[in-house]
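Chemist: what's the 3D shape of this:
(2 chains)
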Amino acid sequence: MIEIRIHGRGGQGAVTSAELLALAAFKDKKYAQSFPMFGVERRGAPVEAFCRIDKEKIMERSQIYEPDYVLVLDSTLLKSVDVTKGLKKSGLLVINSKQDVSKLNLNFEIGKIISIDLNSIALNIIGRPIVNTAMLGAFAGITNIITLKSLTEAIQERFDEKIAIKNKELAEKSYEIARKFVLGMKKNEIQ
Amino acid sequence: MKTLISGNEACAIGAKLCRPKVIPVYPITPSTHTAEKISELIANGELDAEMIKVESEHSALSACIGAQVCGVRTFTVTASQGLALMHEVLFNASGLRLPIVMGVANRALSAPINIWGDQSDALAERDSSWLQFYCESAQEILDTVIQAYKISENHDVLLPSMVCFDGFTLSHVSEPVDVPEQSEVDEFLGDYIPYYKFDIENPKTIGALAFPDTFMEFKKQQEDAMRKAKETIKIVNKEFSKKFGRSYGDGLIDAYNMEDAEKCLIALGSLCSTAKVVVDNLREKVGIVRVRSFRPFPSNELRDICSGVKAIAVIDRAFSYGHAGVLYNEVKSALYDLKERPKISNFVIGLGGRDVRKEDIEFSIKNADKNEIFWVNTKE
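Modeler: Residues are numbered from 1 along each chain as shown, chains lettered A, B, ... in the order given. Below is the predicted model:
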């Protein structure tokens, strides 16, 4: 079973990301569960959302304490939230940031952090720094846990046509960039 | 059709499939999304019903009574303070023998104010003569709403039903749910045939004054109906299984790993799902009995399945202050008649939305034979 935690701020679409992630996995014929941080949400305040993905039916209904993946939609959260809390040593953290991972001062093995500037991709395509679908595209590109096809289908299903078109484009672009990034990383490792 | 939806959405779709005609609601967290989804289904033309936005939960259930006596199916949904505000109307609905079905997204009661999940709200209405079902998954919420109409409307039963599901843990979690076809549910449920209804040609009074010489007979009939409901619940569970390929234990209790269990865990609701993962990873012979129908209470079924078990851990997400956990009281009383009584301990867990963790369940199983009441994972 794979457990994922998404960090964002109220209004940035973290909860929607978890839902889309679960929906994409479901479309990939896997079993999935998504849920928000239970409680009250305020615009701009730190929020968390969660997703479990497995081949088998998921029976666990407790909260997620030791995620395999952490996705951070907003790097300003690093000032107030311990985004690496509980993250498995074998896990991976993907963050939307312009900064190089070495400058992020995260309490986690640098090789297992991927920093991608999703804001600029989103600004180019939708004209606003809303990166939730970009993050999922990148996540698909990095991990292959969900397929790009199912992700775009999930976006199509979840949003109105106009918003869906732009978000699918955004997810596809981020997927491509992430794939290149991962292939580049592997090459570096070999050298 | 398989789809990924939340517990609240499953509740709304379950209700929609039963074609209620009047749905009075006063939205309250964590049940609000059920009401939202129903209003969406009505707006889309998928459900032909009138949704009445009332001024309180007291009015919501009163409006259900008013509509139901006119001969149509009704539905409403609530939680916590909302259910508490319905308290006096609950007794009217059951006393009038109206098969109303209501979703309850279980949530703690104030004070201190708390919007999160536990089962204090519905369990406090234990004696209201409503059937109470507790669900383990979003699928079970949808299925139980359908079953509840069939059970409640049976003329041997004619008592209203609460379909209870843990606030947030089920109401706000999205997971795969198989949504049956409308035509299949229509075949399963049939048209609503009221036992009595208002008719301008034949005027009648309902809920008239009952003097001491008749009141007890009315109440005795309610209890007879509750006893008959046990059999009806089992039959409907079987029929449901035949039609849709899904069933939940015998309808009253859902047993897991109980064949040669030496210890067992008894609880209500979604924590039983997590408990299955815990039990699978233990080396001991531990089973789980999930009480699906809290009212009517499956005393005989519990006695049968627990005979031979040495120690029982009863987990409660509600407490009867000054005594013990609510489910624990019921289980202990049911098992008193066993020749060899097991040791029974009570574990109070997850009040006001505190997460029910695997380690809390492990702790409960480990200490089942202590004959004590534990408040688990609490600060000093």
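Chemist: flag every residue of the stretch 1-150 of chain B that's near chain A.
Modeler: B:2, B:4, B:115-117 (Cβ under 8 Å from any Cβ of the partner chain). All C-beta spots, glycine's among them, are computed from the backbone N, C-alpha and C.
Chemist: tell me where the stretch 201-350 of chain B has strands.
Modeler: Along the stretch 201-350 of chain B, counting by DSSP state E, counting those that start in this stretch, strands occupy B:253-256, B:263-267, B:286-291, B:293-295, B:311-316, B:319-320, B:324-325, B:343-348.
Chemist: for B:Val185, find the nearest of those strands.
Modeler: Closest approach to B:Val185 among the strands of the stretch 201-350 of chain B (Cβ to Cβ): strand B:293-295, 21.0 Å.
Chemist: what average pLDDT does the closest one get?
Modeler: Across strand B:293-295, pLDDT averages out at 98.
Chemist: which strands or helices does the helix ranked longest in chain B pack on?
Modeler: Scanning chain B for the longest helix, with DSSP state H as the assignment, gives helix B:215-244. For helix B:215-244, the packing partners by 3 or more Cβ pairs under 8 Å, 6 or more residues apart in numbering or on different chains; DSSP states H and E come out as helix B:87-95, strand B:131-134, helix B:138-153, helix B:182-189, strand B:293-295.
Chemist: export those as CSV, with columns for mean neighbour count.
Modeler: Shown next, in CSV, are these (neighbours: other Cβ atoms under 10 Å in any protein chain shown):
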stretch, mean neighbour count
helix B:87-95, 18
strand B:131-134, 27
helix B:138-153, 27
helix B:182-189, 14
strand B:293-295, 25
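Chemist: between these, which one is closest to B:Glu217.
Modeler: helix B:87-95 (12.4 Å).
Chemist: pull the CA atoms of the helix or strand following the closest one into CSV?
Modeler: Downstream of helix B:87-95, the first helix or strand assigned by DSSP states H and E is strand B:101-106. Written as CSV, here are the backbone C-alpha positions of strand B:101-106 (Å, rounded to 0.1, in the frame of the first residue of the first chain):
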residue,chain,number,x,y,z
VAL,B,101,-35.1,6.6,7.1
MET,B,102,-32.5,9.1,8.3
GLY,B,103,-28.8,9.3,7.8
VAL,B,104,-26.7,10.1,10.8
ALA,B,105,-23.0,11.2,10.3
ASN,B,106,-22.0,10.4,13.9
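Chemist: run through who's touching whichever helix or strand comes after strand B:101-106.
Modeler: Later in the chain than strand B:101-106, the nearest helix or strand by DSSP H and E is helix B:120-123. By Cβ atoms under 8 Å, 6 or more residues apart in numbering or on different chains, the residues outside helix B:120-123 that reach it are B:79-81, B:83-84, B:104, B:106-109, B:132, B:162, B:164, B:294, B:317-319, B:326-327, B:351.
Chemist: and with 6 Å instead?
Modeler: B:80, B:83, B:104, B:106-109, B:132, B:162, B:164, B:318, B:326 (Cβ atoms under 6 Å, 6 or more residues apart in numbering or on different chains).
Chemist: so what's the gap between the lengthiest helix in chain A and the chain middle?
Modeler: In chain A, taking DSSP H as the definition, the longest helix is helix A:161-190. Mean-position distance between helix A:161-190 and its chain equals 12 Å (Cα atoms, centre = their mean, to the nearest Å).
Chemist: can you give me the end-to-end span of stretch B:318-328?
Modeler: Distance between the two ends of stretch B:318-328: 10 Å, counting by Cα to Cα, to the nearest Å.
Chemist: could I get the full set of strands for chain A?
Modeler: A:2-9, A:31-36, A:46-54, A:69-72, A:92-96, A:113-116 (DSSP state E).
Chemist: so is the longest one next to chain B?
Modeler: No. Where contact is defined by Cβ under 6 Å from any Cβ of the partner chain, no part of strand A:46-54 touches chain B; the two come within 9.0 Å at best.
Chemist: parallel or antiparallel, list what pairs with that strand.
Modeler: strand A:2-9 (antiparallel), strand A:31-36 (antiparallel) (DSSP bridges).
Chemist: so the shortest one versus helix B:138-153, what angle?
Modeler: I take that to be strand A:31-36. 90 degrees (axes from the mean of the first three to the mean of the last three Cα atoms, to 10 degrees).
Chemist: just for chain A, where's the confidence low?
Modeler: A:186-191 (pLDDT under 70).
Chemist: spell out which residues of it are next to chain B.
Modeler: Near chain B, when you scan chain A using Cβ under 6 Å from any Cβ, you find A:19, A:22-23, A:26, A:33-35, A:38, A:59-63.
Chemist: as CSV, those residues with distance to A:Leu87 and neighbour count would be great.
Modeler: Shown next, in CSV, are these (distance: Cβ to Cβ, whole Å; neighbours: other Cβ atoms under 10 Å in any protein chain shown):
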residue, distance to A:Leu87, neighbour count
A:Glu19, 22, 23
A:Ala22, 20, 29
A:Leu23, 24, 25
A:Phe26, 24, 23
A:Gln33, 19, 27
A:Ser34, 19, 28
A:Phe35, 18, 26
A:Phe38, 20, 20
A:Met59, 23, 19
A:Glu60, 18, 17
A:Arg61, 21, 25
A:Ser62, 17, 20
A:Gln63, 15, 16
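Chemist: name the nearest residue to residue 89, sequence neighbours excluded.
Modeler: With no chain named, the answer covers chain A. A:Glu109 (7.5 Å; Cβ to Cβ, 6 or more residues apart in numbering or on different chains).
Chemist: let's do chain B instead
Modeler: In space, B:Val89 is closest to B:Leu61, 4.1 Å off (Cβ to Cβ, 6+ apart).
Chemist: any idea how far that neighbour is from B:Arg303?
Modeler: 35 Å (Cβ to Cβ, to the nearest Å).
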